[in-house]
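S.K.: everything below, folded, please.
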Amino acid sequence: MTQPRQFVIEADGGSRGNPGPAGYGAVVIDPVTGETLAEAAEYIGVATNNVAEYKGLIAGLKAAKALVPDASADGALQVRVRMDSKLVVEQMSGRWKIKHPDMKPLAAEAARILPASAVTYEWIPREKNKHADRLANEAMDAGKRGRQWEPSASTASLDTPRSSAASALPPVSGPPGDAAAGAAKARAALAARPAAASPVSAASPAAPQVGWGAAPDLGAPATFVLLRHGETTLTPEKRFSGSGGSDPELSAAGRHQAECIARSLADRGTVEEIVSSPLRRCRETAAAVAARLGLEVRIEEGLRETDFGAWEGLTFAEVRERYGADLDAWLASAKVAPTGGGESFAEVARRVSATRDRLTTRYAGRTVLLVTHVTPIKTLVRLALGAPPEALFRMELSAASVSAVAYYADGNASVRLLNDTSHLR
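M.R.: Next comes the predicted model:
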């Protein structure tokens, strides 16, 4: 029986503005020799990142098909698509629904190019997709000059030297389109290694988990990526801004912060769901991320900020001056509420705990972005650590910062990240 031709496709797309000037890149690689068999890139005008990524996928699949005259025949071709877009990989693998109207026809077009049994999908980190990324940027640079990308001017292949001893792809070991089956073996097979190395066997250890995923021996957790909203006009003045005040919108700085984190999360590619506090500053931050990822936003009342009662809109110094005794009592006990009928931190902890339990059940095994506020995030971290209530006053949490907590089925929790602001630099 004739063995199928085996190719690796690496594809990417980008948009400078999202939407903005956009382009894609795709490369077809021989997994045995590491040789670049075909490249494709194009400036596509104004589009979103996701549209450009799908266009790159389509171009890569078409380029692979063109290399094999009978590619549409069953068993003639086996392709592994590697992309740093979690959205495209998960949607084309059938694990995520395609909700955005711009994505549906593109996904359908990609699915028609080759038989479903011939294509599997694998997510890779952005740094492992440099060839396709460079092609996409070359296409956008050409578009900026009013031209189209030309292969003769490309230097993309210089970014990714490949070993001539790269091994062939392993057989597909899961249902059509299932990138999870055998993914560790595929990564190992595509890695450069000495020519004398033996093939990867089924007993080989799996590749270590990267990012916010699960340790294989503990099962897949519900992972909450905790995003504090971007700045409002009250944030830099350090005023109490809870759920009982004016519900301010994001400032210009806050909108910029929201775009920065949206780009970062799109590049990371791990977020599968978005849940937001009902307050405006969170909804606006969540909307910026959702637009990048092509996801919908679910509103969760339990993620709202503390009601600070009569302290809403005041600075700490102003509260000290007007309500000094009340402030001292509040600082001394989590059971004391702010002046004027606000919420105590003990009440907030009960609300947040109930919300956590609902969401961990609903999103077991998934990575969820929770767009919320200082107190709910600090409370989730405190509870995960088993720390006392006074720990709330010992954590710094910047605007638009990211933290992460994983919740396992056995009831254990693991704090993965706290107050990361690297995306704002």
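S.K.: next, count neighbours for the nearest residue to F393 once chain neighbours are set aside.
M.R.: Nearest non-adjacent residue to F393, counting by CB to CB, 6 or more residues apart in numbering: L331, 7.5 Å away. In this view, the C-beta of every residue, glycine as well, is placed from N, C-alpha and C. Neighbours of L331 under the rule other CB atoms under 10 Å: 11.
S.K.: show me what the helix or strand containing L331 is packed against.
M.R.: Here L331 sits within helix 324-332, counting by DSSP states H and E. Packed against helix 324-332 by the contact rule (3 or more CB pairs under 8 Å, 6 or more residues apart in numbering; DSSP states H and E) you find no helix or strand.
S.K.: list the buried ones in it?
M.R.: D326, L327, W330 (16 or more other CB atoms under 10 Å).
S.K.: between those, which is nearest L265?
M.R.: W330 (34.7 Å; CB to CB).
S.K.: and the closest one, what's its pLDDT?
M.R.: Looking at W330, its pLDDT reads 94.
S.K.: so where's the stretch 151-300 of the chain shaky on pLDDT?
M.R.: Where the stretch 151-300 of the chain drops to pLDDT under 70, the residues are 153, 155-219.
S.K.: 90 instead?
M.R.: Applying pLDDT under 90 to the stretch 151-300 of the chain flags residues 151-221, 244-246, 266-270, 294.
S.K.: strands of that one, start to end?
M.R.: 222-228, 273-276, 297-299 (DSSP state E, counting those that start in this stretch).
S.K.: about what we covered before: export the helix holding L331 as PDB, just CAs?
M.R.: Provided in PDB are the C-alpha atoms of helix 324-332 (Å, rounded to 0.1, in the frame of the first residue of the first chain):
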ATOM      1  CA  GLY A 324     -11.800  57.700  61.100                       C
ATOM      2  CA  ALA A 325     -13.300  55.400  63.800                       C
ATOM      3  CA  ASP A 326     -15.200  53.400  61.100                       C
ATOM      4  CA  LEU A 327     -12.100  53.000  59.000                       C
ATOM      5  CA  ASP A 328     -10.000  51.700  61.900                       C
ATOM      6  CA  ALA A 329     -12.700  49.200  62.700                       C
ATOM      7  CA  TRP A 330     -12.900  48.100  59.100                       C
ATOM      8  CA  LEU A 331      -9.100  47.700  58.900                       C
ATOM      9  CA  ALA A 332      -9.100  45.600  62.100                       C
END
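S.K.: moving C-terminal of it, what's the next helix or strand?
M.R.: Taking DSSP H and E, what comes next after helix 324-332 is helix 345-362.
S.K.: contacts for that following helix?
M.R.: Here helix 345-362 makes contact (CB atoms under 8 Å, 6 or more residues apart in numbering) with 222, 224, 275, 300, 302-303, 306, 334-335, 337, 343, 368, 370, 375-376, 379-380, 383, 389, 392, 407.
S.K.: give me the sheet partners of the following helix or strand past it and which way each runs.
M.R.: For helix 345-362, the following helix or strand on the C-terminal side (DSSP H and E) is strand 367-372. Strand 367-372 sits in its sheet next to strand 222-228 (parallel), strand 273-276 (parallel), going by DSSP bridges.
S.K.: and the ones you listed, which is most packed in?
M.R.: strand 222-228 (a mean of 26; mean count of other CB atoms under 10 Å).
S.K.: just to revisit the earlier point, out of the buried residues of helix 324-332, the closest to K128 would be?
M.R.: The closest of the buried residues of helix 324-332, once distances to K128 are taken by CB to CB, is W330, at 50.0 Å.
S.K.: from what I can see the closest one touches G342, true?
M.R.: No. Using CB atoms under 8 Å, W330 is not in contact with G342, being 9.0 Å away.
S.K.: let me know the outermost residue of this protein.
M.R.: A325 (45.3 Å; CA atoms, centre = their mean).
S.K.: re earlier: nearest to A291, of the buried residues of helix 324-332?
M.R.: Proximity of the buried residues of helix 324-332 to A291 (CB to CB) peaks at W330, which lies at 38.6 Å.
S.K.: what residues does the closest one make contact with?
M.R.: W330 touches V336, A337, P338, S344, counting by CB under 8 Å, 6+ apart.
S.K.: out of these, which is most surrounded?
M.R.: P338 (25 neighbours).
S.K.: quick one, what contacts it?
M.R.: F240, T306, D307, F308, G309, A310, W311, D326, W330.
S.K.: name the nearest residue to it, ignoring sequence neighbours.
M.R.: Excluding the flanking residues, the one nearest P338 by CB to CB, 6+ apart is G309, at 4.1 Å.
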